[in-house]
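Undergrad: What follows is a predicted structure for the sequence shown.
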Amino acid sequence: MEVLLGVKIGCLLALLALTLGCGLVPICFKWFQMDAATGHHYRVLSLLGCVSAGVFLGAGLMHMTAEALGGIESEIQKFMVQNSTGSKGNSSQDADSSYVEYPYGELVISLGFFLVFLLESLALQYCHGDAGGPAVQGEQWRGTHAFEFHKHPPVPSPARGPLRTLILLLSLSFHSVFEGLAVGLQTTVAAAIQLCVAVLSHKGLVAFSVGLRLLKAGTGSRWATLCVLSLALMSPVGLAVGLTVAGGASGPEQGLAQAVLEGISAGTFLYVTFLEILPRELACPEAPLAKYGCVAAGFAFMALIALWA
């Protein structure tokens, strides 16, 4: 037991150090700041942003969504089996017969998507109204010259930019807590190490992409550092919670609630990925094939990691 505790503490420190270190790299080095970049420097940073967009796309589809779908389906079946067994005293055949074939996981993820949609619509409606919306966006698009990399792509409205960045951080934080919780709940040294390595394999690149995204959203260095620090603490917090409850029994309601929360988190992440990150990186029509290759490379890396994660 002492060896297992030591391994989990080591995993906790590794998750904290890797996430914090990789997330702070683009914030601490001025080379990654696009405001002062021109020419070839801006081109490289733009393509690097496309790689990070592919990473977010892969993380959302291959990791968060896949885990949420599997978790919700599994927990619903467990919930049905326990309720059927407790009420009728029969085998799981009763639960199988009463189980309705329905895409519950997809429904929960869609609810997360529409939750962010609603929040953003309310923010636009009551904070800024309809005045100047289409006109401002039209001016932004006309201000972007085709085939000129030194021209910056259009930026989202003031209501959308910070809100979408906040949603991105919250969804990643939820997912990080559940990742750490899974490591903390492992009962053997081998299982804890294997799961921790799987989490670490993609954690660094995601954290680096978050730091880069915060810079592109215009977040100040101090706030960006605080955001990365908060994100880095999420997995250790989840792992610590897993350590405290590892000896206790978790009911089906607890597992189902966790799976639903992760599904909502995946839905919010997909919203930000498809409506903020990818459109922003692909707004400028310069070098479309190069951008496609960078997005595909980031996605392929996350898809490859999904073989072990």
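TA: Nice, I can see it. Residues are numbered from 1 along each chain as shown.
Undergrad: Helices of the stretch 51-200 of the chain, residue ranges please.
TA: For the stretch 51-200 of the chain, helices defined by DSSP state H, counting those that start in this stretch occupy the ranges 66-88, 93-98, 104-123, 133-142, 160-184, 189-216.
Undergrad: how about whichever helix or strand comes after the last one: buried residues?
TA: Scanning forward in sequence from helix 189-216, with DSSP states H and E defining helices and strands, the next element found is helix 221-245. Of the residues in helix 221-245, those with enough neighbours to count as buried (16 or more other C-beta atoms under 10 Å) are 224-225, 227-228, 231-240, 242-243. In short, each C-beta sits where N, CA and C put it, glycine included.
Undergrad: Which strands or helices does helix 221-245 pack on?
TA: helix 2-28, helix 160-184, helix 189-216 (3 or more C-beta pairs under 8 Å, 6 or more residues apart in numbering; DSSP states H and E).
Undergrad: So for residue 255, which of those sits nearest?
TA: Counting by C-beta to C-beta, residue 255 lies closest to helix 160-184 out of the helices and strands packed on helix 221-245; the figure is 11.1 Å.
Undergrad: So which other helices or strands are in contact with that closest one?
TA: Using 3+ C-beta pairs under 8 Å, 6+ apart, helix 160-184 sits against helix 2-28, helix 104-123, helix 189-216, helix 221-245, helix 252-272.
Undergrad: Of all these, which one is nearest residue 55?
TA: Short answer: helix 189-216, nearest of those by C-beta to C-beta, at 4.8 Å.
Undergrad: That closest one relative to helix 2-28, how many degrees between them?
TA: 10 degrees (axes from the mean of the first three to the mean of the last three C-alpha atoms, to 10 degrees).
Undergrad: relative to helix 160-184, how tilted is helix 189-216?
TA: Using the same axes, to 10 degrees: helix 189-216 against helix 160-184 is 170 degrees.
Undergrad: Helix 189-216 - contacts with which helices or strands?
TA: helix 2-28, helix 39-58, helix 160-184, helix 221-245, helix 288-305.
Undergrad: can you do 6 Å?
TA: helix 2-28, helix 39-58, helix 160-184, helix 221-245 (3 or more C-beta pairs under 6 Å, 6 or more residues apart in numbering; DSSP states H and E).
Undergrad: So what's the residue count around residue 194?
TA: Residue 194 has 14 neighbours, counted by other C-beta atoms under 10 Å.
Undergrad: how close does it get to residue 169?
TA: 28 Å (C-beta to C-beta, to the nearest Å).
Undergrad: And for residue 289?
TA: Taking C-beta to C-beta, one finds residue 289 at 31 Å from residue 169.
Undergrad: Those two: who's more crowded?
TA: residue 169 (19 against 7).
Undergrad: which residues touch the more buried one?
TA: residue 227 (C-beta atoms under 6 Å, 6 or more residues apart in numbering).
Undergrad: Now do the same for residue 308: helix, strand or coil?
TA: coil (DSSP: H, G, I helix; E, B strand; the rest coil).
Undergrad: Next one: it, what pLDDT does it get?
TA: In this model, residue 308 is scored at 70, pLDDT.
Undergrad: now swap in residue 289 and tell me
TA: 90.
Undergrad: Residue 162 too?
TA: On the pLDDT scale, residue 162 gets 67.
Undergrad: that older thread, let me have the helices and strands packed on helix 189-216 in CSV, adding distance to residue 297 as columns.
TA: Formatted as CSV, these follow (distance: least, C-beta to C-beta, whole Å):
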stretch, distance to residue 297
helix 2-28, 18
helix 39-58, 6
helix 160-184, 21
helix 221-245, 23
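Undergrad: closest one to residue 75 among the ones you listed?
TA: Nearest of these (C-beta to C-beta): helix 160-184, 12.6 Å.
Undergrad: so how far is that closest one from its chain's centroid?
TA: Relative to its chain's centre, helix 160-184 lies at 6 Å (C-alpha atoms, centre = their mean, to the nearest Å).
Undergrad: With stretch 301-308 instead?
TA: 15 Å.
Undergrad: still on that earlier bit, in CSV: the helices of the stretch 51-200 of the chain, plus distance to residue 30.
TA: Listed next are the helices of the stretch 51-200 of the chain as CSV, based on distance: least, C-beta to C-beta, whole Å:
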stretch, distance to residue 30
helix 66-88, 36
helix 93-98, 59
helix 104-123, 32
helix 133-142, 26
helix 160-184, 21
helix 189-216, 10
